[in-house]
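Enquirer: below are the sequence and a predicted model; questions follow.
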Amino acid sequence: MAKNKSKAGNSPKKSKKAQGIKKAALKANIKKSATNQKFKIAPSKSQPKEFDQVQPAVKKTNKKLSITDEAKLRLESAHFRFLNEQLYTSRSSDAWNLFQEDPQSFYTYHKGFQNQVAKWPVNPLDLIIKELKKEPKTSVFADFGCGEARLSASVPHQVHSFDLVAANENVTACDMAEVPLENRSVNAVIFCLSLMGTNVNDFLIEANRVLTVGGMLYIAEVESRCHNAKAFLKSMEKFGYKLKEHNSSYQYFFLAKLTKTHNTSKKFSLPKLQLKPCLYKKR
Ligand SMILES: C[S@@+](CC[C@H](N)C(=O)[O-])C[C@H]1O[C@@H](n2cnc3c(N)ncnc32)[C@H](O)[C@@H]1O
């Protein structure tokens, strides 16, 4: 790119048209360089086409980054992709250990995640917040994998917010496979893009334990993580949940509302639920 730039600057005798073409090429190169460290979601075989079209997180800019800033951005992007992959491909106990050893990496992960979700036309958390606001003020919620606990800050209800790292005083740090709540103590459990560990069964069983019978379970998940979201949601009947609403009209995710029908536990023989990891690749 530096080569292009100096050439363009050293060609005073070239025709106006040739200079115009060079300028355009230079501009395109700068844009490419400024954006090629950002992530895009790697398409899997069954992934909808839109995932190929996810745009860079940061606004395109014609300004050239300094070598140091570019290197920093590349490192940060690589770190985010690594953490994301770890979260999706390991058991939650391993994810817990990962963040215990390096809590700072939680913030790197969240910066990357926020960049991604900011590109979506709708953030599923906003839809869930809108739904929860309609619930009686006495209802109690538990946000499993709450991130920075925006949900808790957005509704007037009591919310127990859990994540692997306590990003602020509203969050309790724990593995959501085992949360510090009494049996049947909450009216709704929320998994907003947080069914990340490979032990999905443990999360659903734990949510069942803390929910009242008749309580609600909200799940927002990346559409392409399921071979068949409908079948996935149907299989949750065995975990004590009945599907009430399923909206798959959003571009990147589905949103489901289920109700708890009965108590379940690890004692019962349950099918092993699996979700595909949602990985990002380097642009
Ligand atoms: C994609 S982020 C979504 C955050 C938030 N729900 C939102 O929609 O903004 C998923 C979150 O789930 C958390 N998470 C993943 N596995 C977890 C586990 N086993 N226990 C607690 N939190 C977990 C991650 O640390 C991350 O903060």
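Expert: Noted; the coordinates are in hand.

Enquirer: domain assignment for the protein?
Expert: The domain map for the chain lists 1-9+16-36, 37-283, with the assignment taken from automatic domain parsing.

Enquirer: tell me where the stretch 151-283 of the chain has helices.
Expert: 200-210, 229-235 (DSSP state H, counting those that start in this stretch).

Enquirer: show me which residues of the stretch 151-283 of the chain are close to the ligand?
Expert: F162, D163, L164, D175, M176, A177, C192, L193, S194, M196, G197 (CB under 6 Å from any ligand atom). To be clear about C-beta, it is placed using only N, CA and C from the backbone, and glycine gets the same treatment.

Enquirer: recalculate using a threshold of 8 Å.
Expert: 151, 162-165, 174-177, 190-197, 203, 220 (CB under 8 Å from any ligand atom).

Enquirer: neighbours of the closest residue to Y241 other than its chain neighbours, just the number please.
Expert: Spatial nearest neighbour of Y241, excluding adjacent residues (CB to CB, 6 or more residues apart in numbering): L258 at 4.0 Å. Around L258 there are 25 other residues, counting by other CB atoms under 10 Å.

Enquirer: quick revisit: can you lay out the domains of the chain as CSV showing mean pLDDT?
Expert: Formatted as CSV, the domains of the chain follow (pLDDT from 0 to 100):
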stretch, mean pLDDT
domain 1-9+16-36, 34
domain 37-283, 89
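
Enquirer: give me whichever of those is most buried.
Expert: domain 37-283 (a mean of 17; mean count of other CB atoms under 10 Å).

Enquirer: returning to that earlier point: isn't the residue nearest to Y241 up against I219?
Expert: Yes. Counting by CB atoms under 8 Å, I219 is a contact partner of L258 at 7.2 Å.

Enquirer: any shared contact partners between the two?
Expert: Jointly contacting L258 and I219 under the rule CB atoms under 8 Å, 6 or more residues apart in numbering are L233.

Enquirer: related to what we said a few turns ago, so the residue nearest to Y241 versus E70, what's the distance?
Expert: When distance is defined by CB to CB, to the nearest Å, L258 is 46 Å away from E70.

Enquirer: could you do H110 as well?
Expert: 22 Å.

Enquirer: can you check A166 too?
Expert: Counting by CB to CB, the gap from A166 to E70 is 33 Å.

Enquirer: over to E237?
Expert: Distance of E237 to E70, computed by CB to CB: 51 Å.

Enquirer: repeat that for L243.
Expert: 47 Å.

Enquirer: over to Y252?
Expert: Applying CB to CB to Y252 and E70 gives a distance of 28 Å.

Enquirer: can I get stretch 166-177 in CSV, CA atoms only?
Expert: The C-alpha coordinates for stretch 166-177 follow below in CSV (Å, rounded to 0.1, in the frame of the first residue of the first chain):
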residue,chain,number,x,y,z
ALA,A,166,-18.7,-10.0,37.3
ALA,A,167,-18.3,-7.1,34.9
ASN,A,168,-20.1,-4.8,37.5
GLU,A,169,-21.8,-5.0,40.9
ASN,A,170,-25.0,-6.3,39.4
VAL,A,171,-23.4,-9.5,38.2
THR,A,172,-22.7,-12.7,40.2
ALA,A,173,-19.7,-14.6,38.9
CYS,A,174,-20.5,-18.3,38.5
ASP,A,175,-20.8,-21.0,35.9
MET,A,176,-24.5,-21.0,35.0
ALA,A,177,-24.5,-24.8,35.2
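
Enquirer: around the ligand, which positions in the stretch 1-150 of the chain sit nearby?
Expert: 87, 92, 95-96, 99, 106, 109-110, 113-114, 117, 123-125, 143-148, 150.

Enquirer: just the ones of these in helices?
Expert: Of the positions in those, 87, 92, 95-96, 99, 106, 109-110, 113-114, 117, 124-125, 150 sit in helices, assigned by DSSP state H.
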